[in-house]
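Novice: Sharing a model that was predicted from the sequence below.
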Amino acid sequence: MSITVRPATPADTHTLALLLNSGQEPHFHTTAAHLNATLARTAGHRLISEQDGQLTGSLSLSFPDFHPQHVWVNLCTHPDHRDHGTARALLDAARPAITASGRTRLWTSVRADYLGTGPDLEALGFREVHRTFGGGFRMTDAAHPPTPADRLEARLAQAGVQLRPAAPLRHDPRLAALYAAHHADKMTAEPTIPAASPTHDDPDTLWDAGWVAVRGEGTVDPDVVGLALPERSRLDAWNAVLLVRPGERRQGIGTALQARVCASLHAQGLTFLNTAGVGRDHAYLGVLRRLGADIEPAWLAFEATP
C-alpha cells in the first residue's frame, strides 16, 4: 500500500489531535481548535501521512530563534504504522522545507516513558545528545507549605553558616564575586538547560524570594558562600541560580537555600517553581528529592543531519 503525504488542513485536526495526544505527555496535549490556529499561522509546517484514506502519521517543523542551526521536528505515527515506512516518508516530504531554511541540524525530544509510542528515531538517523528532567515544586495548598529545613539550618548555624535574604546583598561585591567565580559550574544541556547568565542581576530575578548563605557572620571577615535566586517565568517561577562554593558543598547548604526559596515563593502566593535540570546533575537532583519536588521521567534529546 502506498503512503500519501500532504499538508494538514482544518478537516484533519479532530483526528490529528487524538493521534498527537496518544504520543505525548498530558502537559502538551492539544485540541483541534489549537491545531487550527497553528495551521493558520504556520501554513505548510505540518504534514500528515495517509494510507487508504486513514491518517497514519504527522510531522511538524519549527525554526526557533534560540536554536538557530536546528530545525525542530515533531514526529508522530499511528500505533499500526510505526514500522511501515511512515516516519521515513514524512521526513522525506519535509526535506525541501528543511533545506530551504538553511539550517544544518534536525532536533527532537521525547520523554522516556513515551519512547515506545513513536517511531524508531535511531533508525531514522537521529542520535541521543543529552538527557534532562522536568518537574518542580507545586505549592498550591496553603495548609501544606513546602518542606522546611529547620533542623538543617540549626546544624549549619552551629557550623558558622547563616541563611539571610538576598535582596539586601544585591549589590554586595562578595555576592558578585561568588557568582562570577562559580556560575559556570552549572551543568548545561543547550538549548533545554542554557548556561547561567553572565551576571547575577537579571531583570527577571525575584530578589524578594532569593537567599544567601553567609559564613562567619558577625566576624571581621564574613563571606557569602551560597546563593539561590528564582526568576519569573510563564509557569510562575523557575530555579535560575542555586550555587554553593566548592569548599562548602556536601553540608546541606544548597538544600537549606532551596527550602527557603520555596517557602518565600509560597508565602507570596506563587503556586509552581520549575526546577528543570540536566539528568547527570546528581547533586541538584538530590536537593530536589530531599525537599519533595515532583520529578518527571527523563527527556531525551536527539539530533540528526538532514
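Specialist: Good, I have the coordinates.

Novice: how close does the closest residue to residue 207 other than its chain neighbours get to residue 7?
Specialist: Counting by C-beta to C-beta, 6 or more residues apart in numbering, the nearest residue to residue 207 once its immediate chain neighbours are dropped is residue 167, at 4.4 Å. Glycine gets a C-beta too; all of them are placed from N, C-alpha and C. Look at residue 167 and residue 7: by C-beta to C-beta, to the nearest Å, they are 52 Å apart.

Novice: burial count for the residue nearest to residue 207?
Specialist: Neighbourhood size, residue 167 [other C-beta atoms under 10 Å]: 14.

Novice: Show the pLDDT at it.
Specialist: For residue 167, the model assigns a pLDDT of 96.

Novice: what do you get for residue 24?
Specialist: For residue 24, the pLDDT comes out at 85.

Novice: Next up, phi/psi of the nearest residue to it once chain neighbours are set aside, please.
Specialist: Setting aside the residues directly before and after it, residue 24 is nearest to residue 114 in space (C-beta to C-beta, 6+ apart), at 6.2 Å. Dihedral pair for residue 114: phi -110, psi 10, per degrees, to the nearest 10.

Novice: Tell me which residues touch residue 114, please.
Specialist: The contact partners of residue 114, by C-beta atoms under 8 Å, 6 or more residues apart in numbering, come to 23, 24, 25.

Novice: can you rerun that using 10 Å?
Specialist: Going by C-beta atoms under 10 Å, 6 or more residues apart in numbering, residue 114 touches 22, 23, 24, 25, 28, 297, 299, 300.

Novice: cool, residue 276 as well?
Specialist: 132-136, 189, 192-193, 235, 238-239, 295-296, 299.

Novice: least confident pick among these?
Specialist: Lowest pLDDT among the contacts of residue 276: residue 235, 76.

Novice: List the contacts of that one.
Specialist: Taking C-beta under 10 Å, 6+ apart, we find residue 235 in contact with 136, 270, 271, 272, 273, 274, 276.

Novice: if I look at the fourth one, how far off is residue 150?
Specialist: Look at residue 272 and residue 150: by C-beta to C-beta, they are 24 Å apart.

Novice: Tell me which of the two has more neighbours.
Specialist: Comparing residue 272 with residue 150 by other C-beta under 10 Å, the one with more neighbours is residue 272, at 17 against 9.

Novice: Do you know the pLDDT at that one?
Specialist: At residue 272, pLDDT is 92.

Novice: Quick check: closest non-adjacent residue to it.
Specialist: Nearest to residue 272 is residue 236, by C-beta to C-beta, 6+ apart, at 4.6 Å.

Novice: For the one you found, give its distance to residue 166.
Specialist: Remark: distance between residue 236 and residue 166 (C-beta to C-beta) = 18 Å.

Novice: more neighbours, the two?
Specialist: Between residue 236 and residue 166, counted using other C-beta under 10 Å, residue 166 has the larger neighbour count: 27 against 19.

Novice: How about that one: what's its closest non-neighbour residue?
Specialist: Leaving aside its sequence neighbours, residue 166 sits nearest to residue 210 (C-beta to C-beta, 6+ apart; 3.3 Å).

Novice: Right, I'll leave it there.
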